[in-house]
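Q: Got a predicted structure plus its sequence, pasted below:
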Amino acid sequence: MTINGVEYNFDITPYTYAQKYPNFKLLYKFSSQLYLNKFLTYLFNEKQSNICKKKFGLNVDLHLLERIKEYSLTEKRGFRIIKISNDEVKEYNSLKDIKIIPSFDIK
C-alpha cells in the first residue's frame, strides 16, 4: 500500500463492498477509500432509470447493470468483481468478462 493509502493489488485490498442478490453475492474491490466512497455515494443517490419501461412498456430492474457500469467508471486503477454463489466463485477482471443472461419472472 502506498503512503496515500492506495492499494494496487486487488487480492489484498481492504477496500471492498458486497452486494447480496437472491442467488449470489457480488464483491466489488477498490484501490482506495476515495473510489470506494465515490461508489457508495452513487449507490445512496441511485435512481432507477428504466429505459425498457419507457420504450417497450416492460418493467425491468436494471440496478445490477447500472452498478457494474458505475463501478467500471469509478475504479480507475483496475477492475475486480467477484461473484460468489453456492456452487462457485468467479472473478471478473474487466467489463468485457461479464456476461449477463436475463431471466424472466412474470407475475
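A: Noted; the coordinates are in hand. Numbering: from 1, shown residues only.
Q: Going by C-alpha atoms from here, please, whenever you check contacts or count neighbours.
A: OK.
Q: in the protein, which residue is closest to the centre?
A: The C-alpha lying nearest the average C-alpha coordinate of the chain belongs to residue 68 (Cα atoms, centre = their mean; 3.6 Å).
Q: so where's the protein shaky on pLDDT?
A: 46-61, 103-107 (pLDDT under 70).
Q: Distance from the chain centre to the strand or helix carrying residue 69, please.
A: Assessed by DSSP states H and E, residue 69 sits inside helix 63-74. Centroid separation between helix 63-74 and its chain, computed with Cα atoms, centre = their mean, to the nearest Å, is 5 Å.
Q: what does stretch 84-94 give?
A: Between the centre of stretch 84-94 and the centre of its chain there are 13 Å (Cα atoms, centre = their mean).
Q: Just the CA trace of it, in CSV.
A: What follows is stretch 84-94, C-alpha atoms only, in CSV (Å, rounded to 0.1, in the frame of the first residue of the first chain):
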residue,chain,number,x,y,z
ILE,A,84,-20.0,-15.7,-5.0
SER,A,85,-22.7,-18.3,-5.3
ASN,A,86,-23.4,-21.7,-3.6
ASP,A,87,-21.6,-23.7,-6.2
GLU,A,88,-18.8,-21.3,-7.5
VAL,A,89,-16.6,-18.3,-7.0
LYS,A,90,-15.8,-16.4,-10.2
GLU,A,91,-13.6,-13.4,-10.7
TYR,A,92,-14.1,-10.8,-13.3
ASN,A,93,-11.1,-8.6,-14.3
SER,A,94,-12.7,-6.5,-16.9
